[in-house]
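# this is the structure alone, sequence omitted:
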């Protein structure tokens with residue numbers, strides 16, 4: 001939710017507090033009770049959609065971080081083993097290529113991290129069975145790393161779906177704000193005029209809340 005909408009929501013909440021504070025003043029006044037119930041329902045809907053948007057982004061971010069960390073942890077171990085082999089064989093080109101740290105696999109932009117991970121995987125696959133055995137690289141290690149790369153690539157492609165879902169929820173939010181403001185302006189504001197002289201404190205607090 002952007003700052004402007006957040007400010008409007010805070011105004012709605014302030015209005016709710018005032019109306020709740022003076023509940024004895026309007027209880028039994030059916031038009032006001034009906035409008036207030038409608039208003040409260042819309043505000044609750046706004047809060048629900050807002051929380052859903054947060055969950056969409058937060059859930060995606062957490063999953064992406066976990067998948068990337070799993071890929072990085074496995075990749076660093078294998079890169080070190082390939083580098084050790086390269087050193088033993090005086091293969092300085094491969095030795096330099098395998099200078100792949102956790103930072104490169106985790107903290108760099110996702111596409112670059114994936115490229116580095118695939119570079120490690122290709123180097124491991126390029127080792128002979130005897131070399132993999134000598135440096136304690138099992139078929140399971142390779143399979144797990146390959147799967148970790150695939151898993152991260154999948155979650156890295158999810159933003160398009162998440163963005164589309166968030167846009168859908170944003171449209172809902174826009175309509176909810178429009179409907180809620182309409183209830184305030186067309187119903188509650190007009191009904192409050194009945195309290196302008198009979199309940200000045202209620203009327204004054206309501207107007208102050210509306211001005212936020």
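Alright, I've got the coordinates. Everything numeric in this text was worked out from a predicted model, so none of it was measured.
# so what touches stretch 90-107?
Here stretch 90-107 makes contact (Cβ atoms under 8 Å, 6 or more residues apart in numbering) with 68-69, 71-73, 75-76, 79-80, 82-83, 85-87, 112-113, 116-117, 119-120, 123. C-beta here means a position set from N, CA and C on the backbone, and glycine is covered the same way.
# any idea how far apart the tips of it sit?
Start-to-end span of stretch 90-107 (Cα to Cα, to the nearest Å) is 30 Å.
# low pLDDT regions in the protein?
56-60, 158-165 (pLDDT under 70).
# that older thread, which of the contacts of stretch 90-107 count as buried?
Buried members of those, scored by 16 or more other Cβ atoms under 10 Å, are 68, 71-72, 75-76, 79-80, 82-83, 85-86, 113, 116-117, 119-120, 123.
# from those, which land in helices?
68, 71-72, 75-76, 79-80, 82-83, 85-86, 113, 116-117, 119-120, 123 (DSSP state H).
# show me the helices in the protein, by range?
Under DSSP H, the chain gives helices at 3-21, 23-26, 30-88, 92-97, 102-106, 110-125, 129-134, 139-156, 159-183, 189-192, 200-210.
# and residue 186, how far from residue 204?
Counting by Cβ to Cβ, to the nearest Å, the separation of residue 186 from residue 204 is 21 Å.
# go on, residue 8?
21 Å.
# more neighbours, the two?
In this view residue 8 and residue 204 are compared by other Cβ atoms under 10 Å, and residue 8 has more residues nearby, 17 against 13.
# next up, the contacts around that one.
Contacts of residue 8 (Cβ under 8 Å, 6+ apart): 177, 181.
# please name the residues that touch the residue nearest to residue 195 when sequence neighbours are not counted.
Nearest residue to residue 195, sequence neighbours excluded (Cβ to Cβ, 6 or more residues apart in numbering): residue 203, at 4.6 Å. Neighbour list for residue 203: 192, 195, 196 [criterion: Cβ under 8 Å, 6+ apart].
# centre of the chain to stretch 187-196, how far?
40 Å (Cα atoms, centre = their mean, to the nearest Å).
# give me the contact list for that stretch.
Against stretch 187-196 from outside (Cβ under 8 Å, 6+ apart): 15, 25-26, 29, 31-32, 35-36, 38-39, 202-203, 206-207, 210.
# can you say which of those are buried?
Neighbour counting by 16+ other Cβ under 10 Å classes 15, 25, 26, 32, 35, 36, 38, 39, 202, 203, 206, 210 among the contacts of stretch 187-196 as buried.
# pull the most distant pair out of those.
Pairwise distances across the buried ones among the contacts of stretch 187-196 (Cβ to Cβ) peak at 20.5 Å, for the pair 38 and 203.
# surely residue 36 touches residue 26?
Yes: if you go by Cβ atoms under 8 Å, residue 36 and residue 26 touch, sitting 7.4 Å apart.
# identify the contacts common to those two.
In contact with both residue 36 and residue 26: residue 19, using Cβ under 8 Å, 6+ apart.
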